[in-house]
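A.B. asks: Just to be clear, the model below is a prediction. Sequence and coordinates:
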Amino acid sequence: MGTGLVELSEKDKAYSWNKGKTHRPCTNCGGQTMSGRALGYSKIDPNTGLGCVHTVTGRNAGRCYNIYTCTKCGFSYDIDSGD
């Protein structure tokens, strides 16, 4: 079982409700996306051998379709929020 955590971006750290926080719970760890309950399972970080604390980057793959991938362990999920 992994950490179930995602590192906050510098932008997210600037919000008042995140002051002093460095991570947030991962809402997609466990294999599901956009619905269901995150179980907190994550891939192993190959650098540490422990559950990955995700550092996620996103890319737009068309209109409202976005793909997010962890730069450390390769965990990926996608969200299509458009019409």
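C.D. replies: Arrived safely.
A.B. asks: For burial, what's the neighbour tally of Ser76?
C.D. replies: Ser76 has 13 neighbours, counted by other C-beta atoms under 10 Å. (Glycine included, C-beta is placed from N, CA and C.)
A.B. asks: could you check the distance from it over to Leu5?
C.D. replies: 17 Å (C-beta to C-beta, to the nearest Å).
A.B. asks: With Arg59 instead?
C.D. replies: 22 Å.
A.B. asks: more crowded one of those two?
C.D. replies: Leu5 (18 against 10).
A.B. asks: Which residue, other than its chain neighbours, is closest to that one?
C.D. replies: The shortest distance from Leu5 to any non-neighbouring residue, by C-beta to C-beta, 6 or more residues apart in numbering, is to His23 (4.3 Å).
A.B. asks: correct me, but that neighbour touches Ser9?
C.D. replies: No: if you go by C-beta atoms under 8 Å, His23 and Ser9 don't touch, sitting 11.0 Å apart.
A.B. asks: show me the contacts for the closest residue to Glu7 other than its chain neighbours.
C.D. replies: Nearest residue to Glu7, sequence neighbours excluded (C-beta to C-beta, 6+ apart): Thr55, at 4.9 Å. Residues in contact with Thr55, defined by C-beta atoms under 8 Å, 6 or more residues apart in numbering, are Val6, Glu7, Cys70, Thr71, Lys72.
A.B. asks: Please report phi then psi for the residue nearest to Leu5.
C.D. replies: Dihedral pair for His23: phi -140, psi 160, per degrees, to the nearest 10.
A.B. asks: Could you point out which residue ranges in the protein have low pLDDT?
C.D. replies: Residue ranges of the chain with pLDDT under 70: 1-4, 26-42, 82-83.
A.B. asks: mind listing the helices for it?
C.D. replies: 10-13 (DSSP state H).
A.B. asks: Run through the strands of it in chain order.
C.D. replies: 5-7, 23-25, 53-54, 56-62, 65-70, 76-80 (DSSP state E).
A.B. asks: I'd like to check the angle between the fifth one and strand 76-80, please.
C.D. replies: The reference is to strand 65-70. 160 degrees (axes from the mean of the first three to the mean of the last three C-alpha atoms, to 10 degrees).
A.B. asks: Good, we can wrap up now.
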